[in-house]
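Novice: all I have is the shape, not the residue letters:
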């Protein structure tokens, strides 16, 4: 009887091994999914588009950017918030920022005569995404900032200011760190739409303004509304058609920026 039981056990084990022979486990899958920021440039006439990069390098200084492919969640509805000292996380700043995720606009408010943040002073066009906070107020004065920072997808951002965790303000991505002429111009043309995964992309001049004034910002509030803001939504002129200049952000104050030349 014992021999029969042992033989049956061996037979069962053999059947299990045969059933699993065709199975395999994926060990090469990234926890972060495919990088979203490094989408190749659109194919030009007579050219074949380059294949996208698949690497996801570690970001500099241990900070991660969240711009990667994943299924977008349903849009969250949120009432439009009012800008006031009641929302600010600090009361000693000169400015208060509101990010409208639905309209992809950023409005900067200054203080009125009563000391409340109700005076709109600057409007910015931006790109948010499904991982961008839909509500809440954040104190960025206590966060980190970088001149340049590595992003997922073998790309880089300049004038980077941390909002919370992996959520950052930064420029449209560049292909080469410190090379201000390597802008992903096709992504620049997407500003004003939901083109990011979660960070808030900005024109260079606007990213630099936040970077320079971080200590004077009392809070950054996220909300969603069909109304862009009191200053409206800034216009954006596409740059992809200008082959001579499109590698640069037109708002970049760098003296080498070809957009500053006459006629551009």
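Specialist: Ah, there it is. Fair warning: this is a prediction, and the values are worked out from it, not measured in the lab.
Novice: the strands in the chain, which residues?
Specialist: 95-100, 105-111, 117-127, 137-138, 145-151, 155-164, 167-171, 200-202, 217-223 (DSSP state E).
Novice: please convert these to TSV, extending it with mean pLDDT.
Specialist: Converted to TSV, the strands of the chain look like this (pLDDT from 0 to 100):
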stretch	mean pLDDT
strand 95-100	98
strand 105-111	97
strand 117-127	97
strand 137-138	96
strand 145-151	96
strand 155-164	97
strand 167-171	97
strand 200-202	98
strand 217-223	97
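Novice: in a markdown table: the ones you listed, plus distance to residue 257 and mean neighbour count.
Specialist: (Each C-beta comes from the backbone N, C-alpha and C, glycine too.) A markdown table is the format used below for the strands of the chain (distance: least, C-beta to C-beta, whole Å; neighbours: other C-beta atoms under 10 Å):
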| stretch | distance to residue 257 | mean neighbour count |
| --- | --- | --- |
| strand 95-100 | 26 | 25 |
| strand 105-111 | 22 | 22 |
| strand 117-127 | 19 | 20 |
| strand 137-138 | 31 | 20 |
| strand 145-151 | 17 | 20 |
| strand 155-164 | 13 | 23 |
| strand 167-171 | 13 | 28 |
| strand 200-202 | 16 | 27 |
| strand 217-223 | 26 | 24 |
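Novice: for those, give me CSV that also has distance to residue 249.
Specialist: Conversion of the strands of the chain to CSV gives the following (distance: least, C-beta to C-beta, whole Å):
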stretch, distance to residue 249
strand 95-100, 20
strand 105-111, 16
strand 117-127, 12
strand 137-138, 25
strand 145-151, 14
strand 155-164, 9
strand 167-171, 7
strand 200-202, 10
strand 217-223, 22
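Novice: so which of these gets nearest residue 184?
Specialist: Closest approach to residue 184 among the strands of the chain (C-beta to C-beta): strand 155-164, 6.8 Å.
Novice: coming back round to it: the strands of the chain: which one's closest to residue 235?
Specialist: strand 117-127 (7.9 Å).
Novice: by contact count, what packs against that closest one?
Specialist: Strand 117-127 is packed against strand 95-100, strand 105-111, strand 200-202, helix 204-213, with contacts defined by 3 or more C-beta pairs under 8 Å, 6 or more residues apart in numbering; DSSP states H and E.
Novice: out of these, nearest to residue 226?
Specialist: Among the helices and strands packed on strand 117-127, strand 95-100 comes nearest to residue 226, with 9.1 Å by C-beta to C-beta.
Novice: got the helices and strands packed on strand 117-127 as TSV, with distance to residue 242 columns?
Specialist: What follows is those, written out as TSV (distance: least, C-beta to C-beta, whole Å):
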stretch	distance to residue 242
strand 95-100	29
strand 105-111	25
strand 200-202	20
helix 204-213	16
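Novice: residue 192: which of the ones you listed is closest?
Specialist: The nearest among the helices and strands packed on strand 117-127, by C-beta to C-beta, is strand 105-111 at 7.9 Å.
Novice: what angle do that closest one and helix 204-213 make?
Specialist: Strand 105-111 runs at 40 degrees relative to helix 204-213, counting by axes from the mean of the first three to the mean of the last three C-alpha atoms, to 10 degrees.
Novice: so what touches strand 105-111?
Specialist: Strand 105-111 is contacted from outside by 83, 94-100, 117-126, 192, 200, 202, 206, 209, 228-234, using C-beta atoms under 8 Å, 6 or more residues apart in numbering.
Novice: per-residue pLDDT, residue 26?
Specialist: Per-residue confidence at residue 26 stands at 29 (pLDDT).
Novice: flag the shaky bits of this structure, pLDDT-wise.
Specialist: In the predicted model, the chain carries pLDDT under 70 at residues 1-87, 262-264.
Novice: in it, which spans are helices?
Specialist: 2-20, 185-188, 204-213 (DSSP state H).
Novice: for the second one, packing partners?
Specialist: Judged by 3+ C-beta pairs under 8 Å, 6+ apart, helix 185-188 is in contact with no other helix or strand.
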